[in-house]
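S.K.: predicted model follows, preceded by the sequence.
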Amino acid sequence: MENTREFMLDEVKELTQNGKFEDAIKKLDDINTVYSHQDRDYWFNKGQHFLEIQNYTEAIKCFDKDLELNKKSYRTFMIKGRTMYLDGDYHEAIECFNYALEIKYADYLKNVDQAKNLKNVKKFESAIQHYDSVNHSEVMDSKFWQYKAQALFKIEKYDKAADCYDNILKNEPDNAEILYSKAKCEIHLEKIESCIALLEKACKLDSSMEKILNNDPLFKELPKII
């Protein structure tokens with residue numbers, strides 16, 4: 001029976017790779033009918049497929065079902081937030097991203113506490129491993145900050161959006177796309193010099209940004225950058 005289930009899951013994977021998302025959803029339903037007690041990823045995977053075909057309402061329902069089973073799922077809050085953003089519900093998207101941040105940060109603090117406890121009982125090698133896992137990993141990845149920034153920008157929270165982009169630029173100072181996105185925040189905040197500096201750097205790093213800039217009405221009143 002388990003081999004049959006794995007075969008069916010492989011079929012879902014193949015359908016997904018070929019862009020046949022509606023067929024993949026049907027196949028997932030077939031699997032769930034027989035193996036629902038074994039597959040905790042069913043609702044998450046089904047939601048992903050609905051997202052691919054831009055059926056945001058059904059995708060969100062699936063992610064909510066997944067959260068009933070996995071209440072502290074960072075990945076589900078992230079993808080639900082992204083779905084909310086694409087569906088135009090920016091405030092709810094930000095709420096989802098905030099929940100994701102709480103979950104991720106709680107895991108981070110747990111690693112710190114474990115390292116401290118191990119050090120206190122003189123298990124120094126284990127403590128070093130835990131500290132390494134904390135120090136060598138970002139609490140939040142760049143996609144999180146980018147998605148949250150985009151949602152904040154949509155509700156005109158330009159200062160907070162800029163802060164999110166700064167979190168990415170700490171580790172990726174030469175990311176032309178992020179530099180350009182932050183420049184859009186800066187012009188709304190009337191930080192013209194900062195905006196121009198960001199645009200100049202973005203265009204220098206990536207020449208394709210020049211065309212985007214020249215066709216962007218947001219920057220039409222600025223002095224010519226390039």
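M.R.: Received it, and whenever you're ready, just let me know what you need. On a predicted model such as this, the values are computed, not experimentally measured, just so you know.
S.K.: residue ranges of each domain in this structure, please.
M.R.: Domain assignment for the chain, taken from automatic domain parsing, gives 1-39, 56-140, 156-219.
S.K.: confidence-wise, which of these is weakest overall?
M.R.: Among the domains of the chain, domain 1-39 carries the lowest mean pLDDT, at a mean of 70.
S.K.: quick revisit: let's have the domains of the chain in TSV, adding distance to residue 147.
M.R.: In short, each C-beta sits where N, CA and C put it, glycine included. Below are the domains of the chain laid out as TSV (distance: least, Cβ to Cβ, whole Å):
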stretch	distance to residue 147
domain 1-39	21
domain 56-140	6
domain 156-219	9
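S.K.: export the ones you listed to JSON lines and tack on mean neighbour count?
M.R.: What follows is these, written out as JSON lines (neighbours: other Cβ atoms under 10 Å):
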{"stretch": "domain 1-39", "mean neighbour count": "14"}
{"stretch": "domain 56-140", "mean neighbour count": "17"}
{"stretch": "domain 156-219", "mean neighbour count": "18"}
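S.K.: and these: which comes nearest residue 149?
M.R.: Closest to residue 149 of these, according to Cβ to Cβ: domain 156-219, at 3.6 Å.
S.K.: can you give me the end-to-end distance of the closest one?
M.R.: Domain 156-219 stretches 17 Å from its first residue to its last (Cα to Cα, to the nearest Å).
S.K.: repeat that for stretch 62-79.
M.R.: Note: stretch 62-79 ends 11 Å apart using Cα to Cα.
S.K.: list the contacts of that stretch.
M.R.: Applying Cβ atoms under 8 Å, 6 or more residues apart in numbering, the external contacts of stretch 62-79 come out as 40, 43-44, 46-48, 50-51, 80, 83, 96-97, 99-100, 103-104, 106-107, 143-144, 147.
S.K.: following the helix or strand hosting residue 195, which helix or strand comes up?
M.R.: Assessed by DSSP states H and E, residue 195 sits inside helix 192-205. Sequence order places helix 208-214 as the next helix or strand after helix 192-205, per DSSP H and E.
S.K.: and that following helix, how far from the chain's centre?
M.R.: Distance, stretch centre to chain centre, for helix 208-214: 25 Å (Cα atoms, centre = their mean, to the nearest Å).
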